[in-house]
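Student: got a predicted model here, sequence first, then my questions.
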Amino acid sequence: MALDSAGNIVVAGSTRSSDFPATAGIYQTTVSGSTSAGFVEKLDPTGTRVLFATYLPASRDVTLTGLALDARGNIVVVGHTAKPGSHHRRRLFLPERQ
């Protein structure tokens with residue numbers, strides 16, 4: 001969990017849910033090909049309104065183990081996937097919704 005400069009709450013983790021509340025127009029709104037998917041979600045400072053939420057794609061199970069915000073407020077997540085020999089770096093651009 002991290003807080004951005006506006007006090008919004010950013011969380012990341014893994015889910016087995018097929019009905020995670022991913023927001024329309026965001027990076028990925030459905031699970032694709034795995035039984036466990038990573039996710040990133042941003043909530044308002046009270047934690048009551050979802051600003052955006054997305055699955056993170058992978059062909060195998062995903063476990064996110066860390067989250068940080070860089071100096072520009074970009075969300076950085078780390079973790080691993082069950083796919084053997086998989087070492088990926090992916091840059092996602094998530095729209096700001098405030």
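Tutor: Perfect, I can see it now. Numbering: from 1, shown residues only.

Student: for V78, give its distance to R49.
Tutor: Note on V78: its distance to R49, by Cβ to Cβ, to the nearest Å, is 27 Å. To be clear about C-beta, it is placed using only N, CA and C from the backbone, and glycine gets the same treatment.

Student: so where does L67 fall, helix or strand?
Tutor: The secondary structure element spanning L67 is strand 62-69 (assigned by DSSP states H and E).

Student: which elements pack onto that strand?
Tutor: Secondary structure elements in contact with strand 62-69, counted by 3 or more Cβ pairs under 8 Å, 6 or more residues apart in numbering; DSSP states H and E, are strand 2-3, strand 9-15, strand 37-43, strand 75-81.

Student: which one of those strands is the most hemmed in?
Tutor: Mean neighbours per residue, mean count of other Cβ atoms under 10 Å, is largest over the helices and strands packed on strand 62-69 for strand 37-43, with a mean of 22.

Student: looking at that strand now, give me its mean pLDDT.
Tutor: Averaging pLDDT along strand 37-43 gives 87.

Student: list the buried residues of the helix or strand that that strand is followed by.
Tutor: Following the chain from strand 37-43 toward its C-terminal end, the next helix or strand by DSSP H and E is strand 50-56. Applying a neighbour-count criterion of 16 or more other Cβ atoms under 10 Å, one finds L51, F52, A53, T54, Y55, L56 buried in strand 50-56.

Student: quick one, strand 50-56 and strand 75-81 angle?
Tutor: Following axes from the mean of the first three to the mean of the last three Cα atoms, to 10 degrees, one obtains 30 degrees for the angle between strand 50-56 and strand 75-81.

Student: walk me through which strands strand 50-56 pairs with, and which way each runs.
Tutor: strand 37-43 (antiparallel) (DSSP bridges).

Student: quick one, the strand it pairs with and strand 62-69 angle?
Tutor: Taking the same axes, to 10 degrees, strand 37-43 and strand 62-69 form an angle of 30 degrees between their directions.

Student: and strand 37-43 with strand 9-15, angle?
Tutor: Compare the direction of strand 37-43 with that of strand 9-15 by the same axes, to 10 degrees and you get 160 degrees.
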